[in-house]
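Participant: From the sequence below, what's the structure:
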Amino acid sequence: IGATTYDEYRGIFEKNKALARRFQKIDVPEPSVPEAVQILQGLKPHYEKHHGVTYSDEALEKAVLLASRHINDRHLPDSAIDVMDEAAAQQKAQPVADRKKTIDVADIEAVVAKIARIPASRLNKPIGSYVFAGPTGVGKTEVAKQLAEKLGLELIRFDMSEYMESHAVSRLIGSPPGYVGFDQGGLLTESVNKHPHCVLLLDEIEKAHPDIFNTLLQVMDNGVLTDNNGRKADFRHVIIVMTTNAGAAEREKPGIGFMPVDDNAPENKAVRLLFNPEFRNRLDEVVEFNNLKPAHMGSIVDKFIAELEEQLSERNIRIELDDSARTWLADQGYDKDMGARPMARMIKQYVKKPMTDEILFGALREGGVVRIKFNESGCDSDNVPESPLSFTFNSVSDIDAAAKNNPILTLQNDKAPKVNGPG
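Facilitator: Modelled structure (predicted):
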């Protein structure tokens, strides 16, 4: 009697036809929820004796139900047994006075929430399916990245400009039988199986082949995608975000006569033309992004400076940006048509380049403080001679010497909070 998994049987055992036909294959499917509850009831006395607790019947039923819904990388009864075991083990690790004698539903829910990281709010559907539509450079992709970071989830990004041909669908869900890579699975299904709780970003979805839209229909409707090997990828704990520039050109056209273009239209015509009704009907929301306004640019400058400071934190370098310099960067980096991307070039040209030599060969080799101010008379930097920003580089030794000469400064530095990275 041999025991193996479907993947290993298909990838190793089944390829040897002479060996495979000498065995009778018996499939052992995953037990149903009622069957798994019976299995846990049979194991209940052993775990109660081992951990010194008792399990309520409701707790065992809840362990099976939540494990089947939220723990997708393993099957029943293994996932439910782990929940059952860990709930009691957590109590055993507590001080004797704080231990509970009975494991109830609340203990099971806490364990599942810890293992699965977040609970799904709906069954048989992704947590959310959204289209972010708007001009270039207004932060559609950045919002998806920040969403994943704030939720503590993995960000899985696919650039849909790489999937413009009809055969590109096979790269996402796997090659059909007879083609190279048939047993390797698809990029999309394998990524979701590896990270069942994630933010799935499909960038520039308007460039994808229409066949990919048809593939996404069942994902948004049923929360499951089957690859060409018959394996199911569970999307019930996935937030799907699709970005598009569709309609951006139309919004830039002047209105007819005295009628202005409505920048706040709930859903522009180009988006309706891009997605057919059955696709739009499965979306939770089409989020329209407007052009950036000058008032937004100050926050964008702060974001880029904070990212730069975080990169330099390993070198113990801190950046102090004057308000006038911040205002000048915000004014010069604003471009209504291009969004925030010109600001990245501004930071590179007027902030990063003047600092490079000092970081590598000058005062900031061992760390220090960079003070950036606005100076209308121009900058002394050789790298950017026409820049109105002036830089003051204070090395660690300069700061230490100033502190020794000024005891009050030393006292202030000791009491001042230390800033590491952005914020």
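Participant: Could you give the backbone dihedrals for the closest residue to Gly362 other than its chain neighbours?
Facilitator: Of all residues not flanking Gly362 in the chain, Phe393 sits nearest, at 6.5 Å (CB to CB, 6 or more residues apart in numbering). To be clear about C-beta, it is placed using only N, CA and C from the backbone, and glycine gets the same treatment. When read as degrees, to the nearest 10, the backbone of Phe393 gives phi -110, psi 120.
Participant: Quote the end-to-end distance of stretch 100-107.
Facilitator: 10 Å (CA to CA, to the nearest Å).
Participant: In that stretch, which residues are buried?
Facilitator: Residues of stretch 100-107 classed as buried by neighbour count (16 or more other CB atoms under 10 Å): Ile103, Asp107.
Participant: shaky segments in the stretch 1-150 of the chain?
Facilitator: Scanning the stretch 1-150 of the chain for pLDDT under 70 picks out the ranges 117-123.
Participant: could you pull out the helices for it?
Facilitator: Counting by DSSP state H, counting those that start in this stretch, the segments of the stretch 1-150 of the chain that form helices are 6-8, 17-20, 33-51, 57-70, 78-92, 105-116, 140-151.
Participant: right, and those - which one's nearest Gln349?
Facilitator: Gln349 lies closest, by CB to CB, to one member of these: helix 140-151, at 21.0 Å.
Participant: and that closest one, C-alpha only, in CSV?
Facilitator: Coordinates of each C-alpha in helix 140-151 appear next as CSV, following Å, rounded to 0.1, in the frame of the first residue of the first chain:
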residue,chain,number,x,y,z
LYS,A,140,-4.3,54.3,-8.9
THR,A,141,-1.5,51.7,-8.5
GLU,A,142,-0.2,53.4,-5.4
VAL,A,143,-3.6,53.1,-3.7
ALA,A,144,-3.5,49.4,-4.3
LYS,A,145,0.0,49.1,-2.9
GLN,A,146,-0.9,51.1,0.2
LEU,A,147,-4.0,49.0,0.7
ALA,A,148,-1.9,45.9,0.8
GLU,A,149,0.6,47.5,3.1
LYS,A,150,-2.0,48.8,5.6
LEU,A,151,-3.8,45.4,5.7
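Participant: For that helix, name the packing helices and strands.
Facilitator: Contacts defined by 3 or more CB pairs under 8 Å, 6 or more residues apart in numbering; DSSP states H and E place helix 140-151 against strand 128-133, strand 154-159, strand 198-203, strand 238-244.
Participant: All the strands of this protein, residue numbers only.
Facilitator: For the chain, the strands defined by DSSP state E occupy 54-55, 102-103, 128-133, 154-159, 198-203, 224-226, 232-234, 238-244, 285-288, 317-321, 368-374, 389-395.
Participant: out of the ones you listed, nearest to Phe361?
Facilitator: Per CB to CB, nearest to Phe361 of the strands of the chain: strand 389-395, 11.5 Å.
Participant: Any buried residues in that closest one, and which?
Facilitator: Quick answer for strand 389-395 (16+ other CB under 10 Å): Leu389, Ser390, Phe391, Phe393, Asn394, Ser395.
Participant: Export the residues you listed as CSV, with columns for pLDDT.
Facilitator: What follows is the buried residues of strand 389-395, written out as CSV (pLDDT from 0 to 100):
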residue, pLDDT
Leu389, 81
Ser390, 81
Phe391, 81
Phe393, 81
Asn394, 80
Ser395, 77
